[in-house]
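In: Give me coordinates for this.
(4 chains)
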Amino acid sequence: MLNFIILVVKIKFEILTDYLEKLENTSSQTAMINILSEIFQESGKEEIDKICYLILGQIGPGYEDIKLGMDEKMIQAAIAIAANIDKESVASETNNLGDIGIVATKFIDISKNKFKKFFYFKGDLSVDDIYKAFKKIAKVSGTGSYEIKKKTLASMLIEADDLGKKFIARLANGKMRLGVGDMTILYGLSVSVFGTKDKKDELEHAYNVSSDIGYVGKILFEKGIDGVNNINITLNRPIKAMLAQRISDFSQIKVKINSENIAAEEKYDGERIQAHKEGDNVKLFSRRLNNVTKQFPDVVKKIKKHINVKNIILDGEIVAYNFEDKKFYPFQKLMQRKRKYKIKEYRRKIPVKYIVFDVLYVNNESFLRKSYPERRKKLENILESSKYINLAKRVVSSNLDIIDGFFQDCIDRNLEGIVCKSCANDSYYHAGAREWSWIKWKKEYITNLTDTLDLVIVGAFPGRGRRSGTYGALLCAVYNHEKDVFETVTKIGTGFSDQQLEQLPSKLEGVLTDKKPARLELSKKMDIDYYLIPEYVIETLGSEITKSPIHTCNWNEEEERGMALRFPRFVRWREEKAPEQATTSEEILQMYREQ
DNA sequence: TCTGCCTGCCC
DNA sequence: ATTCTGC
DNA sequence: GCAGAATGGGCAGGCAGA
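Out: Next comes the predicted model:
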């Protein structure tokens, strides 16, 4: 018998980072795909999976319960020990440069280094070394783990060259900022093996049902496209959820949706849950595919009881529900069930319903490529509606007035809105896709149903990435007429055009101040980078008012809660308004009571 | 043992 | 979650 | 229009340090 020594050539980390640098400096999608294709060819089947994860700033498939437990603050601490300087300098430079990777390269100078490496690498730093070190960071927990994570990262940062430092720090941050997402990777895989983008759809299907891009890459390299096409929906492995598109104007529904008949389902403000039942074994997965079974023993029980099919995959929403008043509880209440401890107690305190709206798999048969009406019909046959588990309520019509009536009714009953679904023959369940066969329509999209708020800018936060050098978000306040003070109600970081963002620093320069303005009421928990004298007013939009532990608007001492805006966004400047003409705390209180 | 900061994950 | 932008 | 990258409120839990 011969003994073969199998030499696995491990790719040097340097080679990967050269490619990453090229990707970062490329904006054309086609050019990026070609670069990715080169990387994949070089990596070969041994390391293709790791390379896919790393390019996306991940260290494994999303559904695996692997968390680094490390973010910007800890990365800064690691840079500080690797560079032998204080954390505060690293933090302030992160704010100035807006990129933790560049900060790492700038500060860490190996010749001046005094930090004794904690972790040694043999020979040239390889992709595998980096991958394993990050896995190690993810794995360690308990007392002293903070130190180990920090030192492991610091060791990597010291070992790598400048480019390496940049991407290691960004990897720890989970944001590579290359302009490459999972779809671009799929195109790259297709080009690397076939020379064309043609096989992307097949790869995407495999990805959407396996939820593991590294696995798809590996199968493609090992077994070819036939192997990829054999990847199918499997019980107990979560598949990517289908998402709904949005529109800005109700009449667009008819234009965008490709069917005469429209099914309008109630849209619930809860948690998207995919349920897998295999005999007596039930598993629940969140929208990001985390296993959340333990949080909802009540739902597991009801699924077992009311679904008389052996093997099945369902899609739906868990909502907190007050069975006495027959009303939905707010989302914030449901979130308290996102827990590891005191599950029994909270199961009583916060009862929930599982509202099912789709079926993806029944007894070894995939339902993904059956039409929505067919799937719904199957669901109606299978599910015996009961108190704790039911079908999503809906109307089906080709008449927009009827759909609108249903929507109004939903709004009156305090639901978020509706989801309109195509009833066409090809209205498949397109896992992972945000498609025009599902369209959401929420109350807040209707301008005259939602009040805009005029808020005073009282603070600012430095931007990251593409927002380097300008502000990333502004702290906004309402005016309390009675006390003549400004109370914070939200930060705003979206809705600005690039041009508006670019102009922010010069626009706000005149109101920058070192001290907290006297009339600003600030919570201890709010850490402001730049104080601004209350002067500028902006028009903003949000979906609702929530109770807030960090904002001081209508602060209640006993509850230790103020009020805040959910889903806030910038609309426009209100130059003509004085800060005292801004929306008042009183008005916010009124809005809170009315919703 | 308690508190506050940080992180991950829901929306 | 929402929003903007280059391709 | 897609795909990617900015950003929000707020919940529980993990860990360090007082």
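In: so A:Lys175 makes contact with A:Gln58?
Out: No: if you go by Cβ atoms under 8 Å, A:Lys175 and A:Gln58 don't touch, sitting 10.6 Å apart. Bear in mind the C-beta positions are built from the backbone N, C-alpha and C, glycine included.
In: More neighbours: which of those two?
Out: A:Gln58 (20 against 16; other Cβ atoms under 10 Å).
In: How about the secondary structure of that one?
Out: The three-state label for A:Gln58, taken from DSSP: H, G, I helix; E, B strand; the rest coil, comes out as coil.
In: if I look at the nearest residue to A:Asp182 once chain neighbours are set aside, how far off is A:Thr488?
Out: In this structure, A:Asp182 finds its nearest non-sequential neighbour in A:Ile213, 5.6 Å apart by Cβ to Cβ, 6 or more residues apart in numbering. According to Cβ to Cβ, to the nearest Å, A:Ile213 stands 40 Å off from A:Thr488.
In: Can you pick out the residue with more neighbours from these two?
Out: Neighbour totals were compared for A:Ile213 and A:Thr488, and A:Thr488 leads with 28 against 25 (other Cβ under 10 Å).
In: Just give me the neighbour total for the spatially closest residue to A:Ile533 that is not a sequence neighbour.
Out: Closest residue to A:Ile533 apart from its sequence neighbours, by Cβ to Cβ, 6+ apart: A:Val511 at 4.3 Å. Neighbour count for A:Val511, taken as other Cβ under 10 Å: 17.
In: Could you report the pLDDT at A:Val511?
Out: Looking at A:Val511, its pLDDT stands at 98.
In: Could you do A:Ser385 as well?
Out: 87.
In: tell me which element it falls in.
Out: A:Ser385 belongs to no helix or strand when assigned by DSSP states H and E.
In: Run through the bridge partners of the residue nearest to it when sequence neighbours are not counted.
Out: Distances taken as Cβ to Cβ, 6+ apart place A:Leu391 nearest to A:Ser385, at 6.0 Å, with adjacent residues excluded. Bridge pairing for A:Leu391 (DSSP bridges) gives the partners A:Val356.
In: Could I get the contacting residues of A:Leu391?
Out: Listed by Cβ atoms under 8 Å, 6 or more residues apart in numbering, the contact set of A:Leu391 reads A:355-357, A:379-380, A:383, A:385.
In: got it, and A:Lys421?
Out: A:262-265, A:372, A:427, A:437-439.
In: my guess is the residue nearest to A:Ile533 meets A:Glu535, correct?
Out: Yes: contact criterion Cβ under 8 Å: A:Val511 and A:Glu535 qualify, at 5.1 Å.
In: Overlap of the contact sets of those two?
Out: Here A:Val511 and A:Glu535 share the contacting residues A:Ile457, scored by Cβ under 8 Å, 6+ apart.
In: Keeping just the C-alphas, turn the lowest-mean-pLDDT helix or strand in chain A into PDB.
Out: Each helix and strand of chain A was given a mean pLDDT (mean pLDDT, DSSP states H and E); the minimum falls on helix A:252-256 at a mean of 92. Below are the C-alpha coordinates for helix A:252-256, written out as PDB (Å, rounded to 0.1, in the frame of the first residue of the first chain):
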ATOM      1  CA  GLN A 252     -48.300  51.600  -8.400                       C
ATOM      2  CA  ILE A 253     -49.300  48.200  -7.100                       C
ATOM      3  CA  LYS A 254     -51.300  47.400 -10.200                       C
ATOM      4  CA  VAL A 255     -48.300  48.500 -12.400                       C
ATOM      5  CA  LYS A 256     -45.700  46.500 -10.500                       C
END
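In: any idea how far the residue nearest to A:Ser385 is from DNA strand C?
Out: 19 Å (Cβ to the nearest atom of the strand, to the nearest Å).
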